[in-house]
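Colleague: no sequence on hand, only this structure:
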């Protein structure tokens, strides 16, 4: 069956595409820039334009599709307000399964999917993605330093490929309909722990400087992050939910393989930090 992957060049989406291709599935990659997507995604897939905030761009992309990997936010992490239209289009196109990457707060996409006859599965990484540490790359390369707030905040960070693996299983196997999978990595780490793991892989020292909340807020504002999103991120770290640092075995239960460690992720991306 053809599977539509939205956000196909995103941190998780690109892994969903690669793993679907490896398993022999027909893949249709939906992005806002199909030409650029061809440079980063594997060959032999179909590239289409689509914008989840503009449902009228999605109808043709859904034709002949039996499964969808679906995002629930647009650029900048803003929750989609078009969930009803997206799910309605999917139902009319004959889509059977939808795997939804969500943040833990049910928005329009999740609610519409649950109210439909689709075989829906929610994929909920309550922790951070390991790829978030790519933001440290330049400061590590140029100054051997990492500056972050919340130095002792534990997080069971998850490899984005593992999130993709759970999504692929839900799209290609039976038995996942109506389930919500909360995902974590195999260990809870603080920012200091992550810096030490990167330093060990590089065989050199990396200094960790803890930022104040105000410093962290100003840094995010300079990158264009909204005040609402900044408040959300800071409140999340201040009132860290147990789900963020309690390791769960969901990845292995669903995929039948161990969750990838942060050390494995670092080894895969070592050239970025060198």
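Modeller: Thanks, I have the structure now. The model shown is predicted, which means the values in this text are computed figures rather than measured ones.

Colleague: break the chain into its domains for me.
Modeller: With domains defined by automatic domain parsing, the chain comprises 2-125, 128-158+185-246+261-274.

Colleague: for the protein, where's the lowest mean pLDDT among helices and strands?
Modeller: Lowest on mean pLDDT, DSSP states H and E among the helices and strands of the chain sits helix 227-238, with a mean of 86.

Colleague: and the domains of the chain, which is most packed in?
Modeller: With neighbours defined as mean count of other Cβ atoms under 10 Å, those peak in mean count at domain 2-125, which reaches a mean of 19. Glycine gets a C-beta too; all of them are placed from N, C-alpha and C.

Colleague: that domain - what's its average pLDDT?
Modeller: What domain 2-125 shows for mean pLDDT is 95.

Colleague: off-centre distance for that domain?
Modeller: Centroid separation for domain 2-125 versus its chain: 13 Å, with Cα atoms, centre = their mean, to the nearest Å.

Colleague: measure that domain end to end?
Modeller: Using Cα to Cα, to the nearest Å, the end-to-end distance of domain 2-125 comes to 25 Å.

Colleague: ok, then the element right after the least confident helix or strand of the chain?
Modeller: helix 250-255 (DSSP states H and E).

Colleague: gap between the nearest residue to residue 154 once chain neighbours are set aside and residue 150?
Modeller: Nearest non-adjacent residue to residue 154, counting by Cβ to Cβ, 6 or more residues apart in numbering: residue 245, 4.0 Å away. Residue 245 is 12 Å from residue 150, where distance means Cβ to Cβ, to the nearest Å.

Colleague: sorry, back to before: who are the neighbours in contact with the residue nearest to residue 154?
Modeller: 127, 154-156, 188 (Cβ atoms under 8 Å, 6 or more residues apart in numbering).

Colleague: quick check: the two most widely separated of these?
Modeller: Greatest spatial distance in the contacts of residue 245: 127 and 154, 9.5 Å, computed using Cβ to Cβ.

Colleague: where does residue 177 sit, in terms of helix or strand?
Modeller: Under the criterion DSSP H and E, no helix or strand holds residue 177.
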